[in-house]
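Student: Need the 3D shape of this:
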Amino acid sequence: MTKKGDKVSIHYTGKLNDGTVFDSSREREPLEFTLGSGQVIPGFDNAVTGMAAGEKKTVEIPAAEAYGPHHPEMVVKAERSKIPSEVNVAVGQRLQSKQPDGRTVVFNVAEVSDGAVTLDANHPLAGKDLVFDIELVQVTS
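Tutor: A predicted model of the protein is given here:
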């Protein structure tokens with residue numbers, strides 16, 4: 001049984017409640033992380049804790065234990081003229097902005113109109129409940 005501090009290798013498929021797959025490790029190497037280290041979302045960490053090598057399970061992770069709620073205050077509308085003209089903005093594109101304090105913020109382009117672009121700094125999965133099919137491949141204590 002896995003416990004905090006164990007290094008684990010897992011295969012997973014992440015889906016939304018409607019069955020849409022947003023990520024999977026099945027076509028690549030298993031994901032490796034240390035349980036309880038904060039390397040993955042809390043609900044995923046909790047789901048893998050207590051599993052045995054070779055075990056498979058499906059878990060539902062509420063938004064609060066995944067990427068948190070969607071914060072409307074992190075959505076801003078910018079004049080298109082404020083974005084460099086060489087940047088071709090399209091819905092779904094990710095843009096980076098250097099803030100006055102030196103931090104870099106990543107925005108997802110949510111909407112594009114004639115004179116404005118709506119930018120969302122929330123994680124794309126914020127506010128969404130997630131479903132994961134998990135297979136524990138290996139445990140190293």
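Student: What does the pLDDT read for the nearest residue to residue 140 once chain neighbours are set aside?
Tutor: Closest residue to residue 140 apart from its sequence neighbours, by C-beta to C-beta, 6 or more residues apart in numbering: residue 7 at 4.4 Å. The C-beta positions use only the backbone N, C-alpha and C, and glycine is treated the same way. Reported pLDDT at residue 7 in the predicted model: 97.
Student: Sheet-wise, list the partners of the helix or strand containing residue 96 with their directions.
Tutor: Using DSSP states H and E, residue 96 falls within strand 94-98. Listed by DSSP bridges, the sheet partners of strand 94-98 and their directions read strand 104-112 (antiparallel).
Student: quick one: contacts of the strand it pairs with?
Tutor: Here strand 104-112 makes contact (C-beta atoms under 8 Å, 6 or more residues apart in numbering) with 75-76, 80, 89-99, 117-122, 124.
Student: Drop anything exposed from the residues you listed.
Tutor: Buried members of the contacts of strand 104-112, scored by 16 or more other C-beta atoms under 10 Å, are 75, 95, 117-120, 122.
Student: can you put these in TSV and add distance to residue 103, secondary structure and pLDDT?
Tutor: Formatted as TSV, the buried ones among the contacts of strand 104-112 follow (distance: C-beta to C-beta, whole Å; DSSP: H, G, I helix; E, B strand; the rest coil; pLDDT from 0 to 100):
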residue	distance to residue 103	secondary structure	pLDDT
75	18	strand	95
95	15	strand	90
117	20	strand	94
118	21	strand	95
119	15	strand	94
120	17	strand	96
122	16	coil	95
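Student: Now distance to residue 22 too, for these, in CSV please.
Tutor: What follows is the buried ones among the contacts of strand 104-112, written out as CSV (distance: C-beta to C-beta, whole Å):
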residue, distance to residue 22
75, 20
95, 20
117, 24
118, 21
119, 21
120, 16
122, 15
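Student: Identify the farthest-apart pair in those residues.
Tutor: Between any two of these, the greatest separation by C-beta to C-beta is 15.6 Å, found for 117 and 122.
Student: Just list whatever residues bridge to residue 108.
Tutor: residue 94, residue 120.
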